[in-house]
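Student: pasting a predicted model and its sequence here:
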Amino acid sequence: MTKRLNYSFILLFCGCFLLSKVNGFSDEPSAEGLAFFEKKIRPVLIGHCYKCHSANSEKIRGELLVDTRAGLLKGGESGHAIVPKNLEGSLLIEAIRYEDEDLAMPPNKKLPASVIADFEKWIMMGAPDPRDGTGPIEKPNWEKAKNHWAFKAPAKPALPEVVQPEWSRTDIDRFIFSKLEEQSLKPAKYADRRTLIRRLFFDLNGVPPTPEEVEDFVADKNPQAYSKLVDRLLASESFGERWGRHWLDVARYAESSGKETNLAYPHAWRYRDYVIDSFNADKPYNQFISEQIAGDLMPARDDQHRSELMTATGFLALGPKSHNERSRMQFAVDMVDEQIETLSRSMMGLTIACARCHDHKFDPIPQSEYYSMAGILYNTETHFGTIQGPGNRHSSKLLNLPTETTNSFGRTLTATERARLEKELADSKKARDQLVAQARRERQDGSGDIQRTLFRTRVANSRVSDITEKLSGYNKNGQSIPRAMGVRDRGFVRETRVLERGEINQPGEKVGRGFVSIVNPDFKPFFNRRGSGRRQMAEWIVSPGNPLTSRVMVNRIWNHLFGQGLVRSMDNFGSTGEAPSHPKLLDHLAIQFVNQGWSVKKMIRQIVLSRTYRMASNYDSANFQADPENRYLWRVSKRRLDAESIRDAMLSTSGLLNWEKPRGSLVAKAGNGQVNRSRNLQPKNLIQTFDHRSVFLPIVRDLVPPSLDLFDYAEPSLVTGKRDVTTVPSQALYLMNDPFVLRASDNMARRISEEASSPEQRVRLAYQLAYGRQPNNREINSTRQFFERWQAEQKKQTSSRATSNRVSAWSSFCQALLCSAEFRYLN
Amino acid sequence: MNSDHNILEHLSRREMLKNVSSGFGYLALAGMCAEAAKTDPLAPKTPHFAPKAKRVIFFCMRGGPSHVDTFDYKPQLKVDAGKPGLGRRGTSSRAKLMPSPWQFAPHGQNGLQISELFPHLAKHADKLCMLNGMHTDLPNHPQAFVKMHTGNSQFVRPSLGAWTLYGLGTENKNLPGFIVLSPQTGFGGAQNYGSAFLPAIYQATPIRGSRSGSGQVSNIRNPRLPSANQRIQLDLVQSLNQGQLEKDKVNPDIEGVIESFELAFRMQNEVPQLMDVNKEPDHIQQAYGLKNRATQTFGRQCLLARRMAESGVRFIELNSGNWDQHRDLNNALERNCHGIDQPIAALLADLEERDMLKDTLLIWGGEFGRTPHAQNGDGRDHNNRGYTMWMAGGGVKGGIAHGSTDEYGYAAVEGKVHIHDWHATILHLLGLNHKRLTFNYAGRDFRLTDVHGNVIKEILA
């Protein structure tokens, strides 16, 4: 009810004048008043106005919403729709009276006189209206957000003065200790060597030290022993398997599409290996993330390097996708949205995707800038594979790599196999052609069940594509062609338009390609007509003027070493994120990170060599009272191991662990298809005996292995900077009863019986394997009690009835150690 | 925890935990639950206002059940049978309007129209609250199915059950608070029952295979240890944990470990029995249709739901499918309805008898409805613009039909209820304000209804 009004100015004036009155309207509406509204007013509003003036309207007219009290009071373009107890000031009355041609509402037909009278009466009652809600969307207030700390470049801080300088080994310690002094908190003492080696092993390599490694380190009198151990662990292959996995959490790595149809991505594992290798090689972090956005556009030294760079862009291709989406355009814009969400949160801790449908509510990111970035990705081809067919309306080719990457999955196709596949292909083509002919016939003469035939044709067609895809994976000699998921440029550029309210059928103004200007406003990219602009995007993210990228990464590193970040909202550094506990330290580290060539290993080394990292985790009641969450780091927090470490520790403690890097992945072996539906993609194919490190387990969306899933694995559809830590009974059930744990216990029992001779030595070895220390007296006693009670119970059972599948007391004892809290907690 | 009082409380709790690990006192744990409430994310929580329903049983009908053949009577379809229907965007289509092959009749005091496909349920007409004006955004199974469960088909978001558990906690510490029977694996799979960014503990415990009668919770039994031996083993575990706790002085995590192991140990006793419906008296099994091939699958789910509801489970979701009748409506729909009619009616009667209907909210429905025109002879296509769901029990008016579709059943015209409104209303009945039930994630407060949702006040009892 708000059309072009010339006197809107006057109304605005009226509105201001009346505002005090409106705000002063504090009487609670009476029950009769509300009943009147429900009976007479609400039905009319719903029936005649909501279509164009409610939050659910397809297009809200005149910026007016009448589906909330606030909306009516605020009004739209033309002014207040209603002013309680004031008929003249209420535009709504004027509109429904049809007094002004431009304003007349509802547009098709005047309401009956009785209804208009009801509205007049209602306004004079004070317009009682129970409908809560905010009404029209307020323009966000960005002034404050523009001064948000994270949007300013890190400033090199002076090293803080401390009263007791002897406490500090490194600069990090001075930042931490000065805060502790400020807060009157007492730092904990050094942790003992036993604690330290276990902490270092899990933090840097994700596995426990062997008893020999522990004893050697404890006995080593060399003052360099600790730093030597650090260097050894940083150089180990296990380092990449641990820290690569941290990155895979924020890269929402998975080997299937998730969502409704959940199609396998059998080539995703190459990206996993790329990440592991990059961390092991200590690839500079700026280079690492640039490769993931624009590796295909970078110069390569040789074929090997070219393959690596192409594989890196898998980052953009392996997000969750709605393969069954009907609209091609919707699929494309959703995919780009997911790419923006992932890259902006993982690399910059920024929630740019919030600006898809409207300006960002909290951070100064206009909707147009979202589309400027989207324009770059709209002009990029994403290659994710899959076979089109029932459940999949969107497939694409994969990237053919010039040569095999480090982990060769290559297998050969024998002549017999090729012949068999070619025959299958010929047969399935024939079957398909027959169906096509049949469908044509049925359409012509109206016979048969055309829908059914068309469906069968689709199935037959996907069969043809499947075999064609399989054959195309090998060259003439039968050698497999390495392929990867990833992106590349299309070679020409189409213009981009803002999509109003994010809807594909509401294109708005044209926008050029570009970035979010609040971050790094001096960055002025040049875009040509052929390239997508991804190189520029990578440069923008890692350029020295970007205040977020380095801070976000050092914060991630800190989080993995201390259990909480300096900024605890890991993936959100925007104005709704949390402020850093130690802002100066964060800047200090961020600047150093860049100065040291973005080396992740150097940053980790620096942190673990600090005294702060080497503190004990002991409880202190005064400190605890003042700072229970340990924000100021008066001790090192106790932490539960993550899912992979728990599983890997069980494998390694029991002696089952296979340290070799497996070839490819179980998903790669299973091939294309729909998870749970296709015969090759049943849980039994994907969750089977597999004693390699957990990072190599198949990660299928919605079918994460229980050993990981139960212990708060990162949801593989979301950017996860920090995992949950829960303690739920299903974990206990798993530890008490799962065949994997039972097998590990059996093997551990076998191991200790082989490696130690007397029962006491066996018990001692078991404790050393599980905890990295000798049992204390109390534990020896409990263990003795356990064996006595167990024996008595066995006797009782044998006398009553024979137990056929007797479990050895030793296995049960080993399992008790694997189940105990100390096994999966770090001090 | 900033006063001595808390520390003292803490210490006395530790004393109890000590008893637990000594091997005799673990039963004393039950009494500790109230204390644990402070740190236990599953402890019962006070709702925003007095709730009408304490728990939910959701009959999820995967595939989109036809509304015009079940609960939305359209006599005009008979009059205009064979005339052209409407196409996807409201244009006329070559498809022809198809009247329901089944007869409708008024039932109950208010004469609620129900088709002859539901003879048993019709006897409970006065308990049913029809929502004839449902509508959702997309006529695609996966999107609509995920939307129904999480309110959002574009992004991974927490499910309705997870939000419920997050808001209310659970009443029986021996059982999970959110259970889904025979969960759907496609159509978004676990996402439909997941917790997304809510703490993982709020996701559903799925119980698969409950169709066959062998459904069990994973790892609920040790395949080789007798219970007595496992207790001996567990006593060693708890003694080790206790030692750790004493060393650490204060460590809620270890306390949590000790408690979760005791609960798991108890679950091993309670859950298999809970799942064993054969213990139910014959007449009950008969009533739920367990003796009949056509009804036993869903009957077992309904009976399990009652047992879980009795035991204090907060949110129970049952599954029936497939309702996607693009063809062969005559046989397939009849078979589906027959499979669930008697079991649901039995559950309604059983809950009423046990005086639990008043605070148990029952919800029935699928991801959308079907077109009034025919497809492939006697099938119907997807229709998201108008369809029917119903509620019964805790806090809703019985024997009413709220909202309506147009004369053929294409689109909701009055009393329109969007999925967001449906979510808002369910939370409201549980004593939760959908606008206040929020969780901060990625820098903003998320809620089940995003920025939408209105409580359907008209149906509140």
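Tutor: Structure's in. What do you need?
Student: now do the strands in the stretch 51-200 of chain B.
Tutor: Under the criterion DSSP state E, counting those that start in this stretch, strands of the stretch 51-200 of chain B are mapped to B:55-61, B:84-86, B:92-96, B:104-107, B:112-115, B:128-135, B:178-181.
Student: likewise the stretch 401-550 of chain A?
Tutor: Using DSSP E, counting those that start in this stretch, strands in the stretch 401-550 of chain A cover A:483-484, A:486-489, A:496-499, A:507-511.
Student: packing partners of the shortest one?
Tutor: Strand A:483-484 makes packing contacts with helix A:303-312, strand A:399-400 when contacts are defined by 3 or more C-beta pairs under 8 Å, 6 or more residues apart in numbering or on different chains; DSSP states H and E. C-beta: built from backbone N, CA, C; applies to glycine.
Student: please identify the most buried of those.
Tutor: helix A:303-312 (a mean of 22; mean count of other C-beta atoms under 10 Å in any protein chain shown).
Student: what does that helix contact?
Tutor: Residues from elsewhere that reach helix A:303-312, judged by C-beta atoms under 8 Å, 6 or more residues apart in numbering or on different chains: A:270-271, A:273-274, A:277, A:291-292, A:295-296, A:298, A:300, A:399, A:401-405, A:482, A:484, A:486.
Student: how far does it sit from its chain's centre?
Tutor: Remark: helix A:303-312 is offset 25 Å from the chain centroid, using C-alpha atoms, centre = their mean, to the nearest Å.
Student: I'd like the next helix or strand past that helix.
Tutor: Scanning forward in sequence from helix A:303-312 by DSSP states H and E, the next helix or strand is helix A:314-317.
Student: buried ones in the helix or strand harbouring residue A:338, by neighbour count?
Tutor: Per DSSP H and E, residue A:338 falls inside helix A:328-348. Within helix A:328-348, the residues that count as buried by 16 or more other C-beta atoms under 10 Å in any protein chain shown are A:330-348.
Student: restrict the residues you listed to those near chain B?
Tutor: A:334, A:345 (C-beta under 8 Å from any C-beta of the partner chain).
Student: the helices in the stretch 601-750 of chain A, which residues?
Tutor: A:621-626, A:643-654, A:666-670, A:683-686, A:706-709, A:729-737, A:739-755 (DSSP state H, counting those that start in this stretch).
Student: report the angle between the axes of the last one and helix A:643-654?
Tutor: Pointing back at helix A:739-755 there. 30 degrees (axes from the mean of the first three to the mean of the last three C-alpha atoms, to 10 degrees).
Student: residue B:273 and residue B:279 touch, don't they?
Tutor: Yes. If you go by C-beta atoms under 8 Å, residue B:273 and residue B:279 touch, sitting 7.2 Å apart.
Student: hang on, the earlier thing: the helices of the stretch 601-750 of chain A: lowest mean pLDDT?
Tutor: The stretch with the lowest mean pLDDT among the helices of the stretch 601-750 of chain A is helix A:683-686, at a mean of 81.
Student: so is it next to chain B?
Tutor: No. Counting by C-beta under 8 Å from any C-beta, chain B is not contacted by helix A:683-686; separation bottoms out at 9.5 Å.
Student: stretch A:491-505 now?
Tutor: No. Using C-beta under 8 Å from any C-beta, stretch A:491-505 never reaches chain B; the gap is at least 9.3 Å.
Student: who's in contact with that stretch?
Tutor: Contacts for stretch A:491-505 (C-beta under 8 Å, 6+ apart): A:327, A:329-330, A:333, A:356-358, A:367-368, A:371-372, A:374-375, A:378-379, A:506-513, A:527, A:529-532.
Student: list the buried residues for it?
Tutor: A:493, A:496, A:498-499, A:502.
Student: neighbours of the closest residue to residue A:280 other than its chain neighbours, how many?
Tutor: Leaving aside its sequence neighbours, residue A:280 sits nearest to residue A:240 (C-beta to C-beta, 6 or more residues apart in numbering or on different chains; 3.4 Å). Look at residue A:240: counted by other C-beta atoms under 10 Å in any protein chain shown, it has 21 neighbours.
Student: so residue A:240 makes contact with residue A:272?
Tutor: No. The criterion here is C-beta under 8 Å, and residue A:240 misses it with residue A:272 at 10.7 Å.
Student: list the contacts for the residue nearest to residue A:280?
Tutor: Residue A:240 neighbours (C-beta under 8 Å, 6+ apart): A:275-280.
Student: now the farthest one out in chain A, which residue is it?
Tutor: Distance from the C-alpha centroid of chain A, by C-alpha atoms, centre = their mean, peaks at residue A:113 (57.7 Å).
Student: pLDDT at that one, what is it?
Tutor: Reported pLDDT for residue A:113: 84.
Student: list the residues that contact it.
Tutor: Here residue A:113 is in contact with no residue (C-beta under 8 Å, 6+ apart).
Student: state the distance from it to chain B.
Tutor: Distance of residue A:113 to chain B, computed by C-beta to the nearest C-beta, to the nearest Å: 23 Å.
Student: and for the residue of the stretch 1-150 of chain B found nearest chain A, nearest residue in space, chain neighbours not counted?
Tutor: Nearest to chain A in the stretch 1-150 of chain B, going by C-beta to the nearest C-beta, is residue B:142, at a distance of 2.6 Å. Nearest residue to residue B:142, sequence neighbours excluded (C-beta to C-beta, 6+ apart): residue A:260, at 2.6 Å.
Student: surely residue A:810 touches residue A:754?
Tutor: No. Using C-beta under 8 Å as the test, residue A:810 is too far from residue A:754 to be in contact (11.6 Å).
Student: more neighbours: those two, which one.
Tutor: residue A:810 (21 against 10).
Student: mind telling me what element that one is part of?
Tutor: Applying DSSP H and E, one finds residue A:810 within helix A:809-819.
Student: check residue B:300 too.
Tutor: Judged by DSSP H and E, residue B:300 forms part of helix B:293-310.
Student: distance of residue A:512 from residue A:487?
Tutor: 21 Å (C-beta to C-beta, to the nearest Å).
Student: since that was my last question, I'll sign off now.
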